[in-house]
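Chemist: Task: produce atomic coordinates for the following.
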Amino acid sequence: MSEIKQLGQADHQEVKTYLYQQFWPCIDIIKVFEKTGLRQDFINKDAGVYYGYYYEGNLEGLVVFTNNKKMMVHYRHPSILKKVDVLKAIKKHKPEYATGPVDQLKSIWKMFERTLKRYNYKETYYMLYEDQDLKTITSDLCIRPAILEDAKYHMNFFLNVERQFDRKHMTINQIKDRINDRLGSREYLLIQDGDYLVGQGFVEEKIHAFWQIGGVYTSPKYRGQGLGRLLVSELIQTIQNQGCVPVLAVLKDNLPAYNLYKSMGFVAVMDFGILELEF
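Modeler: Below you'll find the model as predicted:
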């Protein structure tokens, strides 16, 4: 016997056990779970609705819909693919994008692709840093922690970053919040040339001992000068100083970035699919 049911606070420990029994395939869900658990919170963008798939009384799959219109999937038993209730949940929540281990996401995708107006599919590597001696990297440009005034005086730089990552533009307050969360540390780094910002990178997420590097960007005319390597090296040092392990995600078709991270000691540990959706 099998069923799909919405989960609540009473299911917290069961979901936690499930997630940590297969850490890497569930890492996207873990990021959200660690922040809000199964709490119903309509303000926090990371909070959302959890559905559990039960097969013969055991939790064998999760489908999660967050407030920021993201869907995340993981399952241990393929019979979830026969459940019409999964399709009903997807149609109800209408996520704008979905993530999950490549094979699993593709299988779920087949259940509802005919209901879409449009979609865009990409794949990404999740990479783990294997401890090694970092080469000393220097630059004549200034590398420094971000400060709140950067969001006001360098807004065009941050808008260019969002365009590069093909994301919706952030407001000044959203950028300030991201910087403010990392003030007093070297968790948000900027590279400056005179009056202009030309590069950035920051600690995006913290999942227990694993800290994820994200937002690594260098302005086009400054590429090829080793600035990306410099940013990542500095962030690796920051993370290791806290006794933690650096991880990051990179699109498979971004070969320059993938080759850079691989040359620095990162290894691919998991393949994720990313679906951008329009119902």
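Chemist: and stretch 79-91, how far from the chain's centre?
Modeler: For stretch 79-91, the separation from the chain centroid amounts to 25 Å (computed by C-alpha atoms, centre = their mean, to the nearest Å).
Chemist: what's the domain layout of the protein?
Modeler: With domains defined by automatic domain parsing, the chain comprises 2-115, 142-271.
Chemist: Residue nearest the middle of the chain, spatially speaking?
Modeler: In the chain, the C-alpha closest to the average C-alpha coordinate belongs to Asp28, at a distance of 6.5 Å (C-alpha atoms, centre = their mean).
Chemist: ok, that one - contacts?
Modeler: For Asp28, the contact set (C-beta atoms under 8 Å, 6 or more residues apart in numbering) comprises Met72, Thr99, Gly100, Phe272. Using the backbone N, CA and C atoms, a C-beta is placed for each residue, glycine as well.
Chemist: before we move on, the earlier item: among the domains of the chain, which is nearest Lys135?
Modeler: Lys135 sits nearest to domain 142-271 of all the domains of the chain, at 7.7 Å, using C-beta to C-beta.
Chemist: pLDDT averaged over that closest one, what's the number?
Modeler: With pLDDT averaged residue by residue, domain 142-271 scores 93.
Chemist: Quick one: end-to-end length of stretch 188-201, please.
Modeler: 6 Å (C-alpha to C-alpha, to the nearest Å).
Chemist: can you list the residues that contact it?
Modeler: Outside stretch 188-201, the residues touching it (C-beta under 8 Å, 6+ apart) are 139, 141-146, 150, 154, 157, 161, 178-179, 182, 202-203, 213-219, 222, 227-228, 230-232, 234-235.
Chemist: OK, contacts around Arg39?
Modeler: Contacts for Arg39 (C-beta under 8 Å, 6+ apart) come out as Gln9, Ala47.
Chemist: one more time with 6 Å
Modeler: Applying C-beta atoms under 6 Å, 6 or more residues apart in numbering, we find Arg39 in contact with no residue.
Chemist: How is it assigned, secondary-structure-wise?
Modeler: Of the three states, Arg39 takes coil under DSSP: H, G, I helix; E, B strand; the rest coil.
Chemist: What distance do you get for it to Phe65?
Modeler: Distance of Arg39 to Phe65, given as C-beta to C-beta, to the nearest Å: 14 Å.
Chemist: and if you look at Thr36?
Modeler: When Thr36 is compared with Phe65 (using C-beta to C-beta), they lie 13 Å apart.
Chemist: can you check Ala98 too?
Modeler: Counting by C-beta to C-beta, the gap between Ala98 and Phe65 amounts to 9 Å.
Chemist: who's the residue lying closest to Pro95 once chain neighbours are set aside bridged to?
Modeler: In this structure, Pro95 finds its nearest non-sequential neighbour in Met71, 3.6 Å apart by C-beta to C-beta, 6 or more residues apart in numbering. Beta-bridge pairing of Met71 under DSSP bridges involves Phe65, Ala98.
Chemist: how about Met71, what does it touch?
Modeler: If a contact means C-beta under 6 Å, 6+ apart, then Met71 has Phe65, Pro95, Ala98 as its contacts.
Chemist: May I ask which of those residues has the most neighbours?
Modeler: Within these, most neighbours by other C-beta atoms under 10 Å means Ala98, with 24 neighbours.
Chemist: Go through stretch 34-47 and flag the buried ones.
Modeler: For stretch 34-47, a neighbour-count test (16 or more other C-beta atoms under 10 Å) marks Thr36, Leu38, Ala47 as buried.
Chemist: that's a helix at Ala151, yeah?
Modeler: Yes. Under three-state DSSP, Ala151 sits within a helix.
Chemist: which stretches of the stretch 151-279 of the chain form helices?
Modeler: Per DSSP state H, counting those that start in this stretch, the stretch 151-279 of the chain carries helices over the ranges 155-164, 172-180, 227-241, 255-263.
Chemist: Columns mean neighbour count and distance to Leu197 on top of these, output as JSON lines?
Modeler: Shown next, in JSON lines, are these (neighbours: other C-beta atoms under 10 Å; distance: least, C-beta to C-beta, whole Å):
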{"stretch": "helix 155-164", "mean neighbour count": "15", "distance to Leu197": "4"}
{"stretch": "helix 172-180", "mean neighbour count": "16", "distance to Leu197": "12"}
{"stretch": "helix 227-241", "mean neighbour count": "20", "distance to Leu197": "11"}
{"stretch": "helix 255-263", "mean neighbour count": "15", "distance to Leu197": "19"}
